[in-house]
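Student: Just to be clear, the model below is a prediction. Sequence and coordinates:
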Amino acid sequence: MRTKIAAGNWKMNKNYQEGLNLVLDIQKNTQPSDVLVILATPFLQLKEAIHITRYNPHIKIAAQNCHHEEKGAYTGEVSANMLAAINVEYVIIGHSERRQYNRESNEIIAQKVNAALKAGLKPIFCCGESLEIRNEGWQERFVNNQIERGLLHLSAEELESVIIAYEPIWAIGTGLTASPEQAQDMHFSIRKKISEEKGEKLAQNMSILYGGSVKPNNATQLFSQKDVDGGLVGGASLKASTFIPIIQALENDPT
Ligand code: 13P
């Protein structure tokens, strides 16, 4: 069974107290349902956010990154073990902003996935093409290559702990959204790749999220697609008033 997931990626937004207020606000305004809400806060709020949501099985907290080494002289970095030690359960890996601004390669991302799994964390693995690649019509090959190099060294059992987020770079923070058909086509292609390499059962059970300008007014259509199991939301996850309707759209989605 696939889990429906509404994940918020706060990126580098919210100071300490603003972030905790948002966690409280989201918790207060969501009911138990079949949707899992994941909040990827800055490192700063992780511990307290976990404390606030400790009795709520429907809200989980994620980090936005981890280092690929277990420990050592890496100034400014945080390891997967450190996250696991404060009961973080999820970690975003391979976001396009990190691939671009921090020059994270597919190889480093694969190592981060390994480090996360070894520490017992569930990776939210991001992939997605640039506008240039889409205009040239290479998007499926490009994303399949990211999946192959970042994830397919894992066993089917390890992959059960992974969530995939398809985030076309041209749709992130731009207000442009992939059409529901474009999202469905890519999600289908990703699932097919997983199925071919690791088996149909695993592929059918994996949650594949769409990210890129998900808003209250387009969430229903995107989530109605057969292979879209939820969203990874940036801007609209920064306010309960825009994130809650997205969670509700997923709750109401019959697919
Ligand atoms: P926006 O929803 O702001 O486009 O961001 C998407 C994203 O990058 C989530 O990880």
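Tutor: Ah, there it is.
Student: So what does the residue of the chain found nearest the ligand have for phi and psi?
Tutor: Using C-beta to the nearest ligand atom, the closest approach of the chain to the ligand is made by residue 234 at 2.2 Å. Just so you know, the C-beta spots here come from the backbone N, C-alpha and C atoms, and that holds for glycine as well. Backbone torsions of residue 234, given as degrees, to the nearest 10, read phi -90, psi -100.
Student: Check the burial of the closest residue to it other than its chain neighbours by counting its neighbours.
Tutor: Closest residue to residue 234 apart from its sequence neighbours, by C-beta to C-beta, 6 or more residues apart in numbering: residue 9 at 5.3 Å. Each residue near residue 9 was counted by other C-beta atoms under 10 Å, and the total is 26.
Student: One more: residue 64?
Tutor: Neighbour tally, residue 64, other C-beta under 10 Å: 21.
Student: And it, how far from residue 122?
Tutor: Residue 64 sits 14 Å away from residue 122, going by C-beta to C-beta, to the nearest Å.
Student: Residue 83 too?
Tutor: Residue 83 is 11 Å from residue 122, by C-beta to C-beta.
Student: Kindly report the same for residue 45.
Tutor: 19 Å.
Student: Am I right that residue 125 is in a helix?
Tutor: No - Residue 125: not assigned to a helix; according to DSSP: H, G, I helix; E, B strand; the rest coil it is strand.
Student: who's in contact with it?
Tutor: Residues near residue 125 by C-beta atoms under 8 Å, 6 or more residues apart in numbering: 93-94, 109, 113, 147, 150-151, 162-165.
Student: repeat that with 7 Å
Tutor: The contact partners of residue 125, by C-beta atoms under 7 Å, 6 or more residues apart in numbering, come to 93-94, 113, 150-151, 162, 164-165.
Student: sec struct for residue 216, please.
Tutor: With three-state DSSP as the basis, residue 216 sits in coil.
Student: Correct me if wrong: it contacts residue 246.
Tutor: Yes - under the criterion of C-beta atoms under 7 Å, residue 216 makes contact with residue 246 at 5.9 Å.
Student: Neighbour count: these two, which is higher?
Tutor: Neighbour count, other C-beta under 10 Å: between residue 216 and residue 246, residue 246 has more, with 27 against 16.
Student: Wait, the more buried one touches residue 233, no?
Tutor: Yes - Residue 246 is in contact with residue 233 according to C-beta under 7 Å; the separation is 5.9 Å.
Student: what residues do these two have in common as contacts?
Tutor: Between them, residue 246 and residue 233 share these contacting residues under C-beta under 7 Å, 6+ apart: residue 214.
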